[in-house]
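> structure here, sequence nowhere to be found:
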């Protein structure tokens with residue numbers, strides 16, 4: 001059973017790594033405006049990219065009928081189209097590879113009854129959410145193929161949120177297998193986990209509305225602490241107004257930073273668990289880097305490399321607080 005547990009742990013770590021990379025690739029796809037370059041959803045045949053010039057002409061002709069081409073990229077050359085096509089194709093290909101890497105070993109482990117019952121429910125849930133993720137992704141893309149050449153920020157947020165949920169379940173399942181069962185409790189570690197998650201989701205609204213391309217200064221916004229058009233959409237303002245989305249993300253990030261530093265200090269001081277003390281030292285470094293990186297990314301008008309790095313560090317922070325929450329509730333040292 002120990003050997004089987006080792007195989008399952010390795011499989012889970014591989015899936016976690018692939019999902020982290022998938023989220024980062026998704027960020028690059030968004031930052032390079034590549035997400036609307038593939039206008040077909042072909043789950044099976046889409047595995048292969050265009051190869052011949054005839055194939056490329058066909059997919060390029062399809063793209064030429066989209067609002068993005070007609071409004072934003074009219075006159076784009078085939079070579080430039082190939083550049084944006086690459087990232088969306090790679091994003092979808094990586095998603096298919098994750099599906100294969102997850103499903104085939106999962107079926108094997110099920111047939112030979114190698115999976116402990118304690119994690120079986122989580123794995124079936126991950127399978128369902130993974131299948132749903134592909135559907136959400138295409139539903140998101142379709143929103144940008146109708147009139148406005150940009151995807152719905154709501155669908156983008158749902159797509160990222162589901163990816164984070166999958167990553168959380170994979171990580172939690174791995175920790176349950178390797179370190180023992182841990183029950184989620186409504187304590188300080190859970191509060192920090194929620195804060196980090198909400199801040200990341202708020203960042204997705206910023207990305208969905210290209211809100212990072214405005215007010216490229218810090219801490220002021222247009223020379224003021226609160227932007228002029230804040231609140232003009234009333235109840236929907238946080239979700240429809242780019243200025244408000246950026247304002248909320250900024251201040252959520254600052255609040256999350258302060259609370260996380262307090263949590264880390266208390267955890268390191270009060271916990272008797274060496275691993276908990278160690279993660280309590282890492283988390284402040286990660287969140288400080290992430291906070292400063294966010295400011296630098298904003299001031300530089302969100303270049304691709306900084307935007308992608310900002311998203312990747314956010315996921316590392318998310319994993320760190322997930323581990324902290326699991327570890328904190330595993331031992332009798334609740335903070």
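Noted; the coordinates are in hand. Keep in mind the model is a prediction, meaning the values are calculated, not measured.

> buried stuff in the longest helix anywhere in the chain?
The residue-count maximum for a helix in the chain (DSSP state H) belongs to helix 78-111. Within helix 78-111, the residues that count as buried by 16 or more other C-beta atoms under 10 Å are 81-82, 84-85, 87-89, 91-92, 94-95, 98-99, 102, 105-106, 109. (Glycine included, C-beta is placed from N, CA and C.)

> please report how far residue 141 lies from residue 256.
Taking C-beta to C-beta, to the nearest Å as the measure, residue 141 and residue 256 are separated by 30 Å.

> more neighbours, those two?
Of the pair residue 141 and residue 256, residue 256 is the one with more neighbours under other C-beta atoms under 10 Å, namely 24 against 21.

> what packs against the host helix or strand of that one?
According to DSSP states H and E, residue 256 maps onto helix 242-270. Judged by 3 or more C-beta pairs under 8 Å, 6 or more residues apart in numbering; DSSP states H and E, helix 242-270 is in contact with helix 188-208, helix 237-240, helix 274-299, helix 304-330.

> would you mind listing the buried residues in the longest one?
Read it as helix 304-330. Using 16+ other C-beta under 10 Å as the test for burial, helix 304-330 gives 306-315, 317-330.

> next, the angle helix 188-208 makes with the helix holding residue 256.
Interaxial angle of helix 242-270 relative to helix 188-208 (axes from the mean of the first three to the mean of the last three C-alpha atoms, to 10 degrees): 160 degrees.

> any regions of this protein where pLDDT drops low?
Within the chain, the stretches with pLDDT under 70 are 1-4, 45, 331-335.

> who touches the closest residue to residue 85 other than its chain neighbours in this structure?
Using C-beta to C-beta, 6 or more residues apart in numbering and skipping the chain neighbours, the partner closest in space to residue 85 is residue 37 (4.6 Å). Neighbouring residues of residue 37 by C-beta atoms under 8 Å, 6 or more residues apart in numbering: 63, 81, 84, 85, 87, 88.

> one more time with 6 Å
Residues counted as contacts of residue 37 (C-beta atoms under 6 Å, 6 or more residues apart in numbering) are 84, 85, 88.

> residue 181: which of the helices and strands packed on helix 242-270 is closest?
Among these, the nearest to residue 181 by C-beta to C-beta is helix 304-330 (7.7 Å).

> now find how far off-centre that closest one is within its chain.
Offset of helix 304-330 from its chain centre (C-alpha atoms, centre = their mean, to the nearest Å): 10 Å.

> what's the answer for stretch 256-276, then?
The answer for stretch 256-276 is 25 Å, by C-alpha atoms, centre = their mean.

> what's the closest non-adjacent residue to residue 138?
Leaving aside its chain neighbours, residue 138 sits nearest to residue 41 (4.4 Å; criterion: C-beta to C-beta, 6+ apart).

> so which helix or strand takes in that neighbour?
Assigning secondary structure by DSSP H and E places residue 41 outside every helix and strand.

> doesn't residue 139 make contact with it?
No: using C-beta atoms under 6 Å, residue 41 is not in contact with residue 139; the gap is 9.5 Å.

> and the contacts of residue 37 as TSV, adding distance to residue 28?
Below are these laid out as TSV (distance: C-beta to C-beta, whole Å):
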residue	distance to residue 28
84	11
85	13
88	10
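
> what's the spacing between the residue in the chain sticking out farthest from the centre and residue 63?
Farthest-out residue of the chain from its mean C-alpha position, per C-alpha atoms, centre = their mean: residue 54, at 35.3 Å. Distance of residue 54 to residue 63, given as C-beta to C-beta: 15 Å.

> do the same with residue 88
Residue 88 is 10 Å from residue 63, by C-beta to C-beta.

> now swap in residue 107 and tell me
37 Å.

> with residue 239 instead?
29 Å.

> with residue 40 instead?
Residue 40 is 10 Å from residue 63, by C-beta to C-beta.

> looking at these two, which is more packed in?
Neighbour count, other C-beta under 10 Å: between residue 40 and residue 63, residue 63 has more, with 20 against 11.

> any idea how far the more buried one is from residue 99?
Counting by C-beta to C-beta, the gap from residue 63 to residue 99 is 25 Å.

> run the chain-centre distance for the helix holding residue 256.
18 Å.

> what of stretch 226-243?
Worked out by C-alpha atoms, centre = their mean, stretch 226-243 lies 24 Å from the chain centre.

> and it, what's buried?
Buried residues in stretch 226-243, counting neighbours by 16+ other C-beta under 10 Å, are found at 227, 230, 237, 238, 239, 240, 241, 242, 243.

> which of those residues sit farthest apart?
227 and 239 (15.6 Å).

> no further questions, thank you.
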